[in-house]
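Enquirer: below are the sequence and a predicted model for it; my questions follow.
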Amino acid sequence: MHDTASGAEAGLLEVRGLAKSFGGLRAIDDCTLSVRKGTITGLIGPNGAGKTTLFNLITGFFQPDAGAVRLDGDDITGLKPNAIFDKGLCRTFQTPREHPTMSVLENLMLVASNQTGEQFWNCWFRSGAVRRQEEEIRAKAMEVLEFVDLTRLADEYAGKLSGGQKKLLELARILMTEPKIVLLDEPGAGINRTLMKRLSENIETLREERGITFLLIEHDMDLVMRLCDPVIVMSEGHKLMEGPPEKVQNDPHVLEAYLGGQYAGAADG
Ligand SMILES: Nc1ncnc2c1ncn2[C@@H]1O[C@H](COP(=O)(O)OP(=O)(O)OP(=O)(O)O)[C@@H](O)[C@H]1O
C-alpha cells in the first residue's frame, strides 16, 4: 500500500523502521510513518494492531528493538519520557493518570512546578520571586481550566471527577506546557457526547490558534471522520495505509484488516 499524503516535506514527527517484540510477538514490525505539522492525524486499526505500543515507543515508555523516532529533526529515540516531554512531545493515556488526592488546580500547578524544578510543596521559606512565580503558574492554571471548562471544579479532588472530566484534565495538564505535538490515546473512550464535543472543539482550537499538532488513537469512527485528516491505518504492527478519512473508511484493505482482526480474536477467545 502507498502513502497518499504528498510526503515531500519531512514530518514534525518521523517514525522510521521501528520494531518492538514481546517474547515471540512482533507488536511493532518495521513501522514507518510521519505526522505533518499542523495536522490532526488519526491513528486507527483493529485491536492488537500495535497503536498503544507505538505511542509507548514514541514517548520513551518502551525502548525500541530497532528503528528511530525524530521530533522536528531531533533524534529522540531511546530518550527517557521526561526528556521527550520537555522537548514538546506530550501524551495522554487511555486511563487518565491524575493525582486523585490533589485538587484539580493543584494537578495543573504541579506540572509547571515540576518543569521549573521548584519545590513548592515542601518549601519552608518562600522568597518573593518564588511566590511571584507561583502566582503566575496559578493564573496560567486558571486560564487553562477556563479553556477546558473545568473552572467550577478547580478545588475539587481530581479523583472525584467523572471519566470525561478526567480526560479534559489530562488535556489541561498538557496545556500547562508548550507542546509541539500531543499524542492522545482514545480521547473519546468512555465519555459522553457533550464532553466529546467539547474535547474535539478544544483540539481544533488548539491546532488553529496555537499551532499544536495532534496524533490520536481512536476507535470512535464518528470522531475520527469529523476531526482527523489524514488518517493512518495500522495493522500487524505497521502502517497499512494513509489518506483522507472518507478514502480510508471505504478502502477494502482496511475493512479486511478489521474483519481479519475480529476473526482472529474470535478464534483466540
Ligand atoms: N507489555 C506488553 N507485554 C506483552 N505483550 C504486549 C505488551 N503490550 C502490548 N502487547 C501486545 O502487543 C500487541 C499490540 O498491542 P497494542 O496494545 O499496542 O495494540 P492496540 O492497537 O493499541 O490495541 P487496542 O486497540 O486494543 O488498544 C498485542 O498483541 C498486545 O497483546
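Expert: That came through, no problem.

Enquirer: can you give me the strands in the protein?
Expert: For the chain, applying DSSP state E gives strands covering 13-22, 25-35, 40-44, 66-71, 74-75, 89-91, 181-185, 213-217, 231-235, 238-243.

Enquirer: would you mind listing what in the stretch 51-200 of the chain touches the ligand?
Expert: Counting by Cβ under 6 Å from any ligand atom, the stretch 51-200 of the chain comes close to the ligand at 51-53. (Glycine included, C-beta is placed from N, CA and C.)

Enquirer: let's see 8 Å
Expert: 51-56, 62, 94, 186 (Cβ under 8 Å from any ligand atom).

Enquirer: list buried residues within these.
Expert: 51-56, 62, 186 (16 or more other Cβ atoms under 10 Å).

Enquirer: between those, which sits nearest Pro252?
Expert: Using Cβ to Cβ, Lys51 is the member of those that sits closest to Pro252, with 21.1 Å.

Enquirer: look up the pLDDT of that closest one for me, please.
Expert: We have a pLDDT of 96 for Lys51.

Enquirer: wait, isn't it in contact with Glu236?
Expert: No. Lys51 is beyond contact range of Glu236, at 11.7 Å (criterion: Cβ atoms under 8 Å).

Enquirer: so how far is Val15 from Val254?
Expert: 20 Å (Cβ to Cβ, to the nearest Å).

Enquirer: I figured Val155 hits Glu106, correct?
Expert: Slight slip there: residue 155 is Asp, not Val. No. Using Cβ under 8 Å, Asp155 is not in contact with Glu106; the gap is 9.1 Å.

Enquirer: what pairs with the residue nearest to the spatial centre of the chain across the strands?
Expert: In the chain, the centroid-proximal residue (Cα atoms, centre = their mean) is Leu183; its distance is 1.9 Å. Beta-bridge partners for Leu183, by DSSP bridges, are Arg91, Leu215.
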